[in-house]
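Chemist: Attaching a predicted model along with its sequence, questions to come.
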Amino acid sequence: MYKLPRRDLLKSALGSMLLAPLLRVRDLQAQNMNPKRFVIFNAAGSFVPEWFPTNPGRNYNLRRPNTAFEDLKSDCVFMQNLQHSTSRDNHHERGMVTAYSAAGSDAGDITIDQVIARHLRTQANAAPIDYFAQALYGGRNNDMRTLMTYDAPNRRINPQESAEITYNRIFAGATTTTVTAPTASSNTNARRIKIFDVAKDDLAQIQKYLGQEERSKLEYHINELTSLSRELASNVDEQPGPIQMCRDIELLGDRNTVREESSLVNGVTNLMNLCSAAFQCDRTRVMTLQVGFSGDHYNRLRGFRASSQTRDSWHDHIHHVASRTNHQYYGEWMWMCELWSSQLARLARMLKAIPEGDGTMLDNTIILWGSEMGIAHSHSPINVPHLVIGGRNMGVDTGQYIDFGSNNRQDHAKLLTSIKHAFGIMDRGMGNRPDAGPLSGFLLR
(Lines give C-alpha, C1' and ligand atoms only; values in the text may rest on other atoms or scores of the structure.)
Protein backbone atom coordinates (compact mmCIF):
# COMPACT_ATOMS: atom_id res chain seq x y z
CA MET A 1 0.00 0.00 0.00
CA TYR A 2 1.33 3.43 -0.95
CA LYS A 3 2.09 5.77 1.97
CA LEU A 4 2.27 9.47 1.37
CA PRO A 5 5.63 10.76 2.66
CA ARG A 6 5.31 12.81 5.88
CA ARG A 7 6.74 15.96 4.27
CA ASP A 8 4.28 15.70 1.36
CA LEU A 9 1.45 15.03 3.81
CA LEU A 10 2.13 18.27 5.68
CA LYS A 11 2.03 20.14 2.37
CA SER A 12 -1.32 18.64 1.45
CA ALA A 13 -4.88 19.71 2.23
CA LEU A 14 -5.15 16.75 4.61
CA GLY A 15 -2.06 18.02 6.40
CA SER A 16 -3.63 21.44 6.60
CA MET A 17 -6.65 19.95 8.34
CA LEU A 18 -4.41 18.19 10.83
CA LEU A 19 -2.55 21.44 11.48
CA ALA A 20 -5.73 23.51 11.81
CA PRO A 21 -5.58 23.85 15.64
CA LEU A 22 -1.98 25.10 15.46
CA LEU A 23 -2.85 27.50 12.66
CA ARG A 24 -5.71 28.86 14.80
CA VAL A 25 -3.23 29.63 17.56
CA ARG A 26 -1.03 31.44 15.06
CA ASP A 27 -4.05 33.41 13.84
CA LEU A 28 -4.82 34.50 17.39
CA GLN A 29 -1.21 35.49 17.90
CA ALA A 30 -1.34 37.56 14.72
CA GLN A 31 -4.54 39.24 15.90
CA ASN A 32 -2.82 40.15 19.16
CA MET A 33 -0.24 42.07 17.13
CA ASN A 34 -2.98 44.50 16.07
CA PRO A 35 -3.36 47.54 18.34
CA LYS A 36 -6.24 47.15 20.77
CA ARG A 37 -8.31 50.19 21.69
CA PHE A 38 -11.01 51.09 24.18
CA VAL A 39 -13.69 53.79 24.36
CA ILE A 40 -16.15 54.69 27.11
CA PHE A 41 -19.12 56.84 26.16
CA ASN A 42 -21.46 58.16 28.85
CA ALA A 43 -24.17 60.77 28.31
CA ALA A 44 -26.06 61.89 31.39
CA GLY A 45 -29.81 61.74 30.97
CA SER A 46 -32.08 58.76 31.17
CA PHE A 47 -32.83 56.30 28.39
CA VAL A 48 -36.31 55.90 26.94
CA PRO A 49 -37.92 52.51 27.70
CA GLU A 50 -37.68 51.57 24.00
CA TRP A 51 -33.87 51.79 24.10
CA PHE A 52 -33.57 48.00 24.28
CA PRO A 53 -34.18 45.98 21.09
CA THR A 54 -36.80 43.28 20.78
CA ASN A 55 -36.38 39.57 20.02
CA PRO A 56 -33.25 38.54 21.99
CA GLY A 57 -30.64 36.60 20.07
CA ARG A 58 -28.98 37.18 16.71
CA ASN A 59 -32.10 38.21 14.81
CA TYR A 60 -32.90 41.08 17.13
CA ASN A 61 -34.86 44.12 16.05
CA LEU A 62 -33.84 47.70 16.77
CA ARG A 63 -36.31 50.39 17.75
CA ARG A 64 -36.08 54.12 18.08
CA PRO A 65 -33.85 55.61 19.35
CA ASN A 66 -31.24 53.07 18.19
CA THR A 67 -32.13 52.57 14.54
CA ALA A 68 -28.88 54.40 13.71
CA PHE A 69 -27.12 51.09 14.46
CA GLU A 70 -29.06 49.14 11.82
CA ASP A 71 -26.05 48.74 9.50
CA LEU A 72 -23.86 47.94 12.53
CA LYS A 73 -26.04 45.22 14.07
CA SER A 74 -23.43 42.55 13.36
CA ASP A 75 -20.89 44.63 15.33
CA CYS A 76 -23.08 45.25 18.40
CA VAL A 77 -23.89 43.51 21.66
CA PHE A 78 -26.94 44.99 23.40
CA MET A 79 -27.37 43.83 27.00
CA GLN A 80 -30.47 44.04 29.16
CA ASN A 81 -30.90 43.30 32.87
CA LEU A 82 -27.41 44.19 33.99
CA GLN A 83 -27.29 45.89 37.37
CA HIS A 84 -24.93 47.87 39.57
CA SER A 85 -24.05 45.97 42.72
CA THR A 86 -24.38 48.95 45.10
CA SER A 87 -26.59 52.00 45.42
CA ARG A 88 -27.27 54.94 47.69
CA ASP A 89 -30.06 57.53 47.88
CA ASN A 90 -31.29 58.37 44.35
CA HIS A 91 -28.29 56.61 42.74
CA HIS A 92 -27.07 59.74 40.93
CA GLU A 93 -23.82 59.86 42.90
CA ARG A 94 -23.21 56.17 43.50
CA GLY A 95 -24.17 55.42 39.91
CA MET A 96 -21.42 57.67 38.55
CA VAL A 97 -18.93 56.26 41.04
CA THR A 98 -19.62 52.60 40.27
CA ALA A 99 -20.59 52.66 36.57
CA TYR A 100 -17.10 51.89 35.24
CA SER A 101 -15.32 50.77 38.42
CA ALA A 102 -17.85 48.50 40.19
CA ALA A 103 -16.79 50.36 43.33
CA GLY A 104 -18.73 49.64 46.51
CA SER A 105 -18.31 52.99 48.26
CA ASP A 106 -18.32 56.71 47.55
CA ALA A 107 -14.51 56.64 47.53
CA GLY A 108 -14.66 55.00 44.13
CA ASP A 109 -11.99 52.74 42.67
CA ILE A 110 -9.84 52.45 39.57
CA THR A 111 -12.06 52.47 36.47
CA ILE A 112 -11.86 50.08 33.54
CA ASP A 113 -10.35 52.71 31.22
CA GLN A 114 -7.43 53.23 33.60
CA VAL A 115 -6.89 49.48 34.05
CA ILE A 116 -6.64 49.09 30.28
CA ALA A 117 -4.47 52.20 29.81
CA ARG A 118 -1.96 50.91 32.37
CA HIS A 119 -1.89 47.55 30.65
CA LEU A 120 -1.39 48.95 27.15
CA ARG A 121 1.38 51.36 28.17
CA THR A 122 3.63 48.40 28.98
CA GLN A 123 3.55 47.11 25.41
CA ALA A 124 6.52 47.60 23.13
CA ASN A 125 4.49 49.40 20.47
CA ALA A 126 2.48 51.53 22.88
CA ALA A 127 0.90 54.77 21.71
CA PRO A 128 2.66 57.98 22.86
CA ILE A 129 -0.27 59.13 25.04
CA ASP A 130 -1.75 56.69 27.55
CA TYR A 131 -5.21 58.14 27.78
CA PHE A 132 -7.54 60.95 26.77
CA ALA A 133 -10.61 62.02 28.75
CA GLN A 134 -12.80 64.55 26.97
CA ALA A 135 -16.01 66.02 28.39
CA LEU A 136 -18.78 68.36 27.36
CA TYR A 137 -20.39 70.27 30.22
CA GLY A 138 -22.53 73.33 30.75
CA GLY A 139 -21.68 73.57 34.41
CA ARG A 140 -20.74 71.15 37.15
CA ASN A 141 -22.30 69.58 40.22
CA ASN A 142 -20.36 67.92 43.02
CA ASP A 143 -17.45 65.70 42.03
CA MET A 144 -19.31 62.44 42.56
CA ARG A 145 -22.03 63.46 40.11
CA THR A 146 -19.65 65.12 37.67
CA LEU A 147 -16.53 62.94 37.45
CA MET A 148 -16.77 59.26 36.55
CA THR A 149 -13.20 57.98 36.07
CA TYR A 150 -10.69 57.16 38.79
CA ASP A 151 -7.08 56.02 38.87
CA ALA A 152 -7.42 54.92 42.52
CA PRO A 153 -9.91 55.31 45.40
CA ASN A 154 -10.57 59.00 46.10
CA ARG A 155 -8.53 59.99 43.04
CA ARG A 156 -10.91 61.25 40.38
CA ILE A 157 -9.73 62.28 36.92
CA ASN A 158 -10.75 65.67 35.56
CA PRO A 159 -11.55 65.39 31.85
CA GLN A 160 -10.39 67.96 29.33
CA GLU A 161 -13.17 70.37 28.33
CA SER A 162 -11.28 72.21 25.60
CA ALA A 163 -11.59 70.51 22.22
CA GLU A 164 -8.75 72.68 20.94
CA ILE A 165 -6.31 71.50 23.61
CA THR A 166 -7.11 67.86 22.84
CA TYR A 167 -6.85 68.57 19.12
CA ASN A 168 -3.35 70.02 19.61
CA ARG A 169 -2.28 67.02 21.69
CA ILE A 170 -3.54 64.60 19.04
CA PHE A 171 -1.87 66.25 16.07
CA ALA A 172 1.37 67.40 17.69
CA GLY A 173 3.96 65.23 15.96
CA ALA A 174 1.36 63.31 13.94
CA THR A 175 1.79 62.93 10.18
CA THR A 176 -0.91 62.40 7.59
CA THR A 177 -0.76 58.87 6.21
CA THR A 178 -2.58 57.44 3.20
CA VAL A 179 -2.65 53.70 2.58
CA THR A 180 -4.04 51.70 -0.30
CA ALA A 181 -5.70 48.51 0.75
CA PRO A 182 -8.71 46.43 -0.23
CA THR A 183 -11.52 45.99 2.23
CA ALA A 184 -11.03 43.48 5.00
CA SER A 185 -13.48 41.05 3.38
CA SER A 186 -11.62 41.27 0.08
CA ASN A 187 -8.32 40.55 1.83
CA THR A 188 -9.83 37.55 3.56
CA ASN A 189 -11.51 36.23 0.41
CA ALA A 190 -8.32 36.57 -1.63
CA ARG A 191 -6.41 34.54 0.96
CA ARG A 192 -9.11 31.89 1.02
CA ILE A 193 -9.06 31.60 -2.79
CA LYS A 194 -5.31 30.92 -2.68
CA ILE A 195 -5.81 28.31 0.04
CA PHE A 196 -8.57 26.59 -1.94
CA ASP A 197 -6.49 26.56 -5.13
CA VAL A 198 -3.56 24.94 -3.31
CA ALA A 199 -5.92 22.48 -1.62
CA LYS A 200 -7.46 21.46 -4.96
CA ASP A 201 -4.02 20.74 -6.41
CA ASP A 202 -3.02 18.73 -3.34
CA LEU A 203 -6.23 16.73 -3.37
CA ALA A 204 -5.83 15.96 -7.06
CA GLN A 205 -2.36 14.54 -6.32
CA ILE A 206 -3.70 12.42 -3.45
CA GLN A 207 -6.62 11.18 -5.56
CA LYS A 208 -4.44 9.01 -7.81
CA TYR A 209 -3.36 6.90 -4.84
CA LEU A 210 -6.89 6.10 -3.65
CA GLY A 211 -9.38 3.42 -4.52
CA GLN A 212 -12.48 4.07 -6.61
CA GLU A 213 -14.82 4.76 -3.68
CA GLU A 214 -12.36 7.09 -1.96
CA ARG A 215 -11.62 8.85 -5.27
CA SER A 216 -15.36 9.53 -5.77
CA LYS A 217 -15.69 11.03 -2.31
CA LEU A 218 -12.61 13.16 -2.81
CA GLU A 219 -13.83 14.34 -6.20
CA TYR A 220 -17.01 15.61 -4.55
CA HIS A 221 -14.92 17.72 -2.12
CA ILE A 222 -12.78 19.05 -4.97
CA ASN A 223 -15.92 20.20 -6.77
CA GLU A 224 -17.15 21.91 -3.60
CA LEU A 225 -13.83 23.74 -3.24
CA THR A 226 -14.07 24.86 -6.86
CA SER A 227 -17.55 26.29 -6.25
CA LEU A 228 -16.41 28.11 -3.11
CA SER A 229 -13.41 29.51 -4.93
CA ARG A 230 -15.61 30.91 -7.70
CA GLU A 231 -18.06 32.40 -5.19
CA LEU A 232 -15.30 34.12 -3.24
CA ALA A 233 -13.67 35.40 -6.43
CA SER A 234 -16.86 37.23 -7.33
CA ASN A 235 -16.61 39.20 -4.05
CA VAL A 236 -13.03 40.41 -4.40
CA ASP A 237 -12.64 44.10 -5.19
CA GLU A 238 -10.35 44.50 -8.17
CA GLN A 239 -9.55 48.19 -7.69
CA PRO A 240 -8.97 49.05 -4.03
CA GLY A 241 -8.94 52.76 -3.33
CA PRO A 242 -6.70 54.90 -1.16
CA ILE A 243 -7.64 55.24 2.52
CA GLN A 244 -6.39 58.17 4.57
CA MET A 245 -5.46 57.00 8.04
CA CYS A 246 -4.35 60.12 9.93
CA ARG A 247 -6.14 63.15 8.60
CA ASP A 248 -6.95 66.60 9.92
CA ILE A 249 -10.39 67.34 11.36
CA GLU A 250 -12.45 70.49 11.74
CA LEU A 251 -13.47 71.58 15.22
CA LEU A 252 -16.99 72.93 15.64
CA GLY A 253 -16.26 75.21 18.56
CA ASP A 254 -13.89 74.77 21.51
CA ARG A 255 -15.67 74.72 24.88
CA ASN A 256 -19.11 73.73 23.72
CA THR A 257 -22.01 73.69 26.14
CA VAL A 258 -24.91 71.34 26.74
CA ARG A 259 -27.16 74.35 27.33
CA GLU A 260 -27.86 75.19 23.69
CA GLU A 261 -28.90 72.81 20.93
CA SER A 262 -26.42 73.64 18.14
CA SER A 263 -23.56 73.88 20.63
CA LEU A 264 -24.51 70.51 22.13
CA VAL A 265 -24.68 68.85 18.71
CA ASN A 266 -21.36 70.42 17.68
CA GLY A 267 -19.77 69.38 20.96
CA VAL A 268 -20.81 65.74 20.65
CA THR A 269 -19.63 65.80 17.02
CA ASN A 270 -16.25 67.02 18.25
CA LEU A 271 -16.06 64.21 20.81
CA MET A 272 -16.49 61.56 18.11
CA ASN A 273 -14.16 63.24 15.61
CA LEU A 274 -11.42 63.70 18.22
CA CYS A 275 -11.68 60.05 19.25
CA SER A 276 -11.52 58.84 15.65
CA ALA A 277 -8.51 61.08 14.92
CA ALA A 278 -6.68 59.98 18.07
CA PHE A 279 -7.06 56.33 17.07
CA GLN A 280 -6.33 56.73 13.37
CA CYS A 281 -3.20 58.79 14.11
CA ASP A 282 -2.33 56.24 16.86
CA ARG A 283 -1.84 58.99 19.44
CA THR A 284 -3.69 57.04 22.11
CA ARG A 285 -5.64 53.79 22.35
CA VAL A 286 -7.88 54.57 25.30
CA MET A 287 -10.41 57.40 25.35
CA THR A 288 -13.32 58.35 27.62
CA LEU A 289 -16.08 60.60 26.28
CA GLN A 290 -18.57 62.21 28.64
CA VAL A 291 -21.58 64.49 28.18
CA GLY A 292 -23.01 66.29 31.21
CA PHE A 293 -23.17 65.24 34.85
CA SER A 294 -25.66 62.88 36.43
CA GLY A 295 -28.94 64.72 36.95
CA ASP A 296 -27.88 67.58 34.67
CA HIS A 297 -30.75 70.01 34.12
CA TYR A 298 -29.51 70.99 30.63
CA ASN A 299 -30.90 74.40 31.49
CA ARG A 300 -32.10 76.42 28.46
CA LEU A 301 -31.69 73.48 26.10
CA ARG A 302 -34.47 73.58 23.46
CA GLY A 303 -36.36 76.25 25.40
CA PHE A 304 -36.51 74.58 28.82
CA ARG A 305 -35.58 76.86 31.72
CA ALA A 306 -35.00 76.05 35.35
CA SER A 307 -35.97 78.09 38.38
CA SER A 308 -37.06 77.27 41.89
CA GLN A 309 -40.52 78.60 41.07
CA THR A 310 -41.34 77.13 37.66
CA ARG A 311 -39.59 73.75 37.77
CA ASP A 312 -39.35 74.08 34.01
CA SER A 313 -35.94 72.56 33.23
CA TRP A 314 -35.12 69.63 31.00
CA HIS A 315 -34.46 67.58 34.14
CA ASP A 316 -37.85 68.43 35.64
CA HIS A 317 -39.87 67.59 32.54
CA ILE A 318 -37.83 64.83 30.89
CA HIS A 319 -35.70 63.25 33.55
CA HIS A 320 -38.50 62.90 36.09
CA VAL A 321 -41.91 62.56 34.46
CA ALA A 322 -41.58 61.81 30.75
CA SER A 323 -41.24 58.07 31.28
CA ARG A 324 -44.86 57.95 30.14
CA THR A 325 -44.85 57.61 26.37
CA ASN A 326 -47.89 59.89 26.13
CA HIS A 327 -46.16 62.71 27.98
CA GLN A 328 -46.16 65.98 26.03
CA TYR A 329 -42.37 66.13 26.10
CA TYR A 330 -41.68 62.48 25.28
CA GLY A 331 -40.52 63.51 21.81
CA GLU A 332 -37.87 65.75 23.38
CA TRP A 333 -36.56 62.81 25.35
CA MET A 334 -36.43 60.69 22.20
CA TRP A 335 -34.57 63.50 20.41
CA MET A 336 -31.79 63.43 22.99
CA CYS A 337 -31.49 59.64 22.94
CA GLU A 338 -31.27 59.63 19.15
CA LEU A 339 -28.56 62.28 19.28
CA TRP A 340 -26.40 59.98 21.40
CA SER A 341 -27.01 56.88 19.29
CA SER A 342 -26.53 58.59 15.92
CA GLN A 343 -23.22 60.12 16.96
CA LEU A 344 -21.85 56.93 18.49
CA ALA A 345 -22.88 54.99 15.37
CA ARG A 346 -20.99 57.56 13.32
CA LEU A 347 -17.83 56.93 15.35
CA ALA A 348 -18.20 53.18 14.83
CA ARG A 349 -18.56 53.65 11.07
CA MET A 350 -15.43 55.81 10.91
CA LEU A 351 -13.43 53.06 12.61
CA LYS A 352 -15.03 50.33 10.52
CA ALA A 353 -13.98 52.11 7.32
CA ILE A 354 -10.28 51.59 8.15
CA PRO A 355 -8.82 48.16 7.20
CA GLU A 356 -6.52 46.76 9.85
CA GLY A 357 -5.00 43.30 9.91
CA ASP A 358 -7.61 40.64 9.23
CA GLY A 359 -10.51 43.02 9.70
CA THR A 360 -11.06 46.68 10.49
CA MET A 361 -10.08 49.16 13.16
CA LEU A 362 -13.49 48.60 14.76
CA ASP A 363 -12.74 44.88 15.04
CA ASN A 364 -9.76 45.81 17.21
CA THR A 365 -11.66 48.37 19.29
CA ILE A 366 -14.21 47.95 22.08
CA ILE A 367 -16.67 50.84 22.46
CA LEU A 368 -18.63 50.68 25.72
CA TRP A 369 -21.77 52.79 26.10
CA GLY A 370 -22.93 52.53 29.69
CA SER A 371 -25.03 54.54 32.09
CA GLU A 372 -25.09 55.65 35.71
CA MET A 373 -28.83 54.98 35.97
CA GLY A 374 -31.37 52.27 35.28
CA ILE A 375 -33.62 52.46 32.25
CA ALA A 376 -36.24 55.25 32.04
CA HIS A 377 -34.71 57.25 34.86
CA SER A 378 -35.68 54.74 37.52
CA HIS A 379 -33.28 56.26 40.10
CA SER A 380 -32.25 52.64 40.45
CA PRO A 381 -29.19 50.42 39.88
CA ILE A 382 -31.49 47.86 38.24
CA ASN A 383 -31.63 47.17 34.47
CA VAL A 384 -28.85 49.57 33.47
CA PRO A 385 -28.50 49.91 29.67
CA HIS A 386 -25.22 48.68 28.17
CA LEU A 387 -24.06 48.47 24.56
CA VAL A 388 -20.71 47.22 23.29
CA ILE A 389 -19.70 47.90 19.69
CA GLY A 390 -16.73 46.25 17.98
CA GLY A 391 -14.06 43.97 19.38
CA ARG A 392 -14.64 41.03 17.02
CA ASN A 393 -10.89 40.37 16.72
CA MET A 394 -10.61 40.58 20.50
CA GLY A 395 -13.01 37.72 21.10
CA VAL A 396 -16.28 39.65 21.54
CA ASP A 397 -19.24 37.61 20.31
CA THR A 398 -20.76 40.44 18.31
CA GLY A 399 -24.12 40.60 16.54
CA GLN A 400 -26.51 39.79 19.38
CA TYR A 401 -28.96 41.15 21.93
CA ILE A 402 -28.70 39.43 25.33
CA ASP A 403 -31.55 39.74 27.83
CA PHE A 404 -30.60 38.01 31.07
CA GLY A 405 -34.15 38.35 32.39
CA SER A 406 -35.53 40.13 35.42
CA ASN A 407 -35.13 36.96 37.49
CA ASN A 408 -31.51 36.45 36.47
CA ARG A 409 -30.00 39.94 36.48
CA GLN A 410 -26.22 39.98 36.18
CA ASP A 411 -23.76 42.24 37.97
CA HIS A 412 -22.20 44.69 35.52
CA ALA A 413 -18.83 43.88 37.15
CA LYS A 414 -18.95 40.70 35.06
CA LEU A 415 -19.07 42.75 31.87
CA LEU A 416 -16.14 44.88 33.03
CA THR A 417 -14.23 41.69 33.86
CA SER A 418 -14.93 40.25 30.40
CA ILE A 419 -13.69 43.45 28.75
CA LYS A 420 -10.46 43.13 30.73
CA HIS A 421 -10.14 39.55 29.48
CA ALA A 422 -10.53 40.78 25.90
CA PHE A 423 -7.41 42.89 26.50
CA GLY A 424 -5.50 39.98 28.01
CA ILE A 425 -5.97 41.21 31.60
CA MET A 426 -7.07 37.98 33.24
CA ASP A 427 -8.37 39.33 36.55
CA ARG A 428 -11.15 37.39 38.25
CA GLY A 429 -13.36 40.39 38.90
CA MET A 430 -13.65 44.15 39.24
CA GLY A 431 -14.09 46.62 42.09
CA ASN A 432 -16.10 45.30 45.02
CA ARG A 433 -16.75 42.11 43.05
CA PRO A 434 -13.22 40.64 42.95
CA ASP A 435 -14.54 37.17 42.12
CA ALA A 436 -17.35 38.22 39.76
CA GLY A 437 -15.99 36.21 36.85
CA PRO A 438 -16.76 36.95 33.19
CA LEU A 439 -20.20 37.64 31.72
CA SER A 440 -21.72 34.58 30.09
CA GLY A 441 -22.22 34.86 26.33
CA PHE A 442 -20.16 38.00 25.83
CA LEU A 443 -16.85 36.47 24.72
CA LEU A 444 -16.32 33.65 22.26
CA ARG A 445 -13.56 32.12 24.34
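Modeler: Sure, I can see it. Residues are numbered from 1 along each chain as shown.

Chemist: Residue 368 - that's part of a strand, no?
Modeler: Yes - with DSSP: H, G, I helix; E, B strand; the rest coil as the criterion, residue 368 is located in a strand.

Chemist: any idea how far it lies from residue 80?
Modeler: 15 Å (C-beta to C-beta, to the nearest Å). C-beta: built from backbone N, CA, C; applies to glycine.

Chemist: ok, now residue 318?
Modeler: For residue 318, the distance to residue 80 (C-beta to C-beta) stands at 22 Å.

Chemist: shaky segments in the protein?
Modeler: 1-33, 45, 176-244, 306-311, 319-326, 376-377 (pLDDT under 70).

Chemist: go with 80
Modeler: Counting by pLDDT under 80, the low-confidence segments of the chain come to 1-33, 45-46, 173, 175-245, 297, 303-329, 375-379, 445.

Chemist: what's the domain layout of it?
Modeler: Taking automatic domain parsing as the criterion, the chain consists of the domains 6-23+183-233, 36-181+246-422.

Chemist: most neighbours per residue, which of those domains?
Modeler: With neighbours defined as mean count of other C-beta atoms under 10 Å, the domains of the chain peak in mean count at domain 36-181+246-422, which reaches a mean of 19.

Chemist: one step back: turn the domains of the chain into TSV, including distance to residue 444.
Modeler: Shown next, in TSV, are these (distance: least, C-beta to C-beta, whole Å):
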stretch	distance to residue 444
domain 6-23+183-233	16
domain 36-181+246-422	5
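
Chemist: out of these, which comes closest to residue 435?
Modeler: Checking the domains of the chain against residue 435 by C-beta to C-beta gives domain 36-181+246-422 as the closest, at 9.5 Å.

Chemist: Quick check: end-to-end length of the closest one?
Modeler: 9 Å (C-alpha to C-alpha, to the nearest Å).

Chemist: Distance of residue 316 relative to residue 305?
Modeler: 10 Å.

Chemist: just residue 387 next, same as before
Modeler: Distance, residue 387 to residue 305, using C-beta to C-beta: 32 Å.

Chemist: again with residue 414
Modeler: 42 Å.

Chemist: cool, residue 396 as well?
Modeler: Taking C-beta to C-beta, one finds residue 396 at 43 Å from residue 305.

Chemist: now swap in residue 115 and tell me
Modeler: 41 Å.

Chemist: Residue 129 now?
Modeler: Separation of residue 129 from residue 305 (C-beta to C-beta): 40 Å.

Chemist: what's the answer for residue 82, then?
Modeler: In terms of C-beta to C-beta, residue 82 sits 35 Å off from residue 305.

Chemist: which residues of the stretch 1-150 of the chain fall in strands?
Modeler: 37-43, 76-80, 82-83, 132-136, 150-152 (DSSP state E, counting those that start in this stretch).

Chemist: Compare these and report which one is nearest to residue 355.
Modeler: strand 37-43 (15.1 Å).

Chemist: packing partners for the closest one?
Modeler: Secondary-structure packing of strand 37-43 (3 or more C-beta pairs under 8 Å, 6 or more residues apart in numbering; DSSP states H and E): helix 112-121, helix 261-280, strand 286-291, helix 330-352, strand 365-369.

Chemist: Name the strands paired with it and say parallel or antiparallel.
Modeler: strand 286-291 (parallel), strand 365-369 (parallel) (DSSP bridges).
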